[in-house]
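[1] got a predicted structure plus its sequence, pasted below:
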Amino acid sequence: MGFSSRTIALLISGAVALVIAAGLLFGPYLPFRARVLTLAIAFSACFLLIYFSFEILIFKEINNIYAGLEHIKRKEFRRMSNKFLFRPDPLKRIKDEILFMAEQKQKEIDELKRLQVLRREFLADVSHELKTPIFAAQGFIHTLLDGAMDDENVRDKFLQKAAKSLDGLDALVQDLISISQLEKGVVKMNKHAMDLLTLCREVFDELDAKAQARKITLHLQHNGHQQIMVYADRNRIKQVLINLVDNAIKYGSENGNIWVALLDGKRKVLVTVADDGPGIGKEHQLRIFERFYRIDKSRSRDSGGSGLGLAISKHIIEAHRSTIMVSSELGKGTSLKFKLSKPKAKLPVT
């Protein structure tokens, strides 16, 4: 249909004028039955003309608008055609399409607002976490330069504190790099068949002194197995276990207990790290895996840690196609669980 709306309107007006003129010209000379037949033909012709005028002049334009909306939705701004002519219920489809697009745009706006808030919080947290060790080291060094250098005891003590602050700063930067790489997906898991039981004992050896300092007892439960094999990245899973057990030591109760339980299943091994500490409130349980999220900020900073350990652990476990689940009850303790796949065949143990 290459006619414009004005041309179509002129053609329809001319056709109606011809029908009326013919009726006026020949009507008086026709018998009664022929007049009735002529009236029926004229009525049918007018109906068809009016119907097609609506279809062509109104619905055509509406369908064009609808086609434009579809192209906008698909971001095909240059592809405009009349192929939607004569499709049924164009007004309803346009209304639905506009509502759908508005809903999608609102979701995009809400998501952008949420990301903006997260970005602001992340920048504020990073700035604070970087500033704390820098200011501490800066203070110790300036004190030494102001004259404390002459006292050997004070000099050694302040230098050790400055070094500890810089070590913490280095750990924080390394954690930021790790989580950035994990989120980008550029870190590949070096998976091998490995003995999880041996790995847990290594983690216990590394953290035993820290647990003893808080009089916490570490328990390893393995149902008498001598070896529990999984298919995973040994170093990354060790990092996860250290993060979880270290958190349980820092935030658990003194004179308490920590259990690491390995349940050997048919295809997977269930790993549980549990403590009998104060527990985590429900309002915090979904947020503890967020970067820099701290339940008790002042207490957490006193205990050390970058606030990124659980976020890193979550990404590592997800890279092993699993998830970390948390369950906790105030006053009764917390448990974190995840599953690791077992090797499909006998592979070399690392």
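    Cool, the structure landed.
[2] give me the mean pLDDT for stretch 150-160.
    For stretch 150-160, the mean pLDDT works out to 82.
[3] ugh, wrong one, I meant stretch 323-331
    90.
[4] what of stretch 51-58?
    73.
[5] need the phi and psi values for residue 231.
    phi -110, psi 100 (degrees, to the nearest 10).
[6] repeat that for residue 333.
    According to degrees, to the nearest 10, the main-chain angles of residue 333 amount to phi 110, psi 180.
[7] do you know how far it is from residue 55?
    72 Å (Cβ to Cβ, to the nearest Å). No exception for glycine: its C-beta is placed from N, CA and C like everyone else's.
[8] and what of residue 202?
    From residue 202 to residue 55 the distance is 79 Å (Cβ to Cβ).
[9] next: residue 175.
    66 Å.
[10] next one: residue 207
    79 Å.
[11] what comes into contact with stretch 154-171?
    130, 133-134, 136-137, 140-141, 143-144, 148-149, 304, 306 (Cβ atoms under 8 Å, 6 or more residues apart in numbering).
[12] on that earlier part again, can you pick out the residue with more neighbours from residue 333 and residue 55?
    Legend: neighbour count by other Cβ atoms under 10 Å for residue 333 and residue 55, higher for residue 333 (22 against 13).
[13] tell me who's in contact with the residue lying closest to that one once chain neighbours are set aside.
    Distances taken as Cβ to Cβ, 6 or more residues apart in numbering put residue 276 closest to residue 333, at 4.3 Å, once the chain neighbours are dropped. Residues near residue 276 by Cβ under 8 Å, 6+ apart: 252-253, 256-257, 332-333.
[14] what are the buried residues along the strand or helix carrying residue 338?
    Under the criterion of DSSP states H and E, residue 338 resides in strand 333-341. Across strand 333-341, burial judged by 16 or more other Cβ atoms under 10 Å covers 333-340.
[15] and for stretch 13-28?
    15-16, 19.
[16] distance from that stretch to the middle of the chain?
    70 Å (Cα atoms, centre = their mean, to the nearest Å).
[17] check stretch 238-256 too.
    The answer for stretch 238-256 is 27 Å, by Cα atoms, centre = their mean.
[18] quick one: mean pLDDT over it.
    For stretch 238-256, the per-residue pLDDT averages 91.
[19] can you start the count at 530 instead of 1 from here on
    Sure, I'll start counting at 530 from here, so that last one is stretch 767-785.
[20] pull the residues that contact it.
    With Cβ under 8 Å, 6+ apart as the criterion, stretch 767-785 contacts 728-729, 731-733, 735-736, 739-740, 743-747, 787, 789, 800, 802-807, 829, 832-834, 838-839, 841-842, 845-846, 862-863, 865, 867.
[21] which strands and helices lie in contact with the longest helix out of those in the chain?
    Secondary structure of the chain per DSSP state H: the longest helix is helix 619-674. Using 3 or more Cβ pairs under 8 Å, 6 or more residues apart in numbering; DSSP states H and E as the contact test, the elements touching helix 619-674 are helix 589-602, helix 681-713.
[22] give me the number of residues near residue 676?
    9.
[23] for residue 727, that is, sorry about that
    12.
[24] which residue sits closest to it, ignoring its sequence neighbours?
    Closest to residue 727 by Cβ to Cβ, 6+ apart is residue 756, at 7.8 Å.
[25] so the one you found, which of the three states?
    Secondary structure, DSSP: H, G, I helix; E, B strand; the rest coil: residue 756 is coil.
[26] okay, it: pLDDT?
    Reading off the model, residue 756 has pLDDT 90.
[27] distance check, it against residue 658.
    40 Å.
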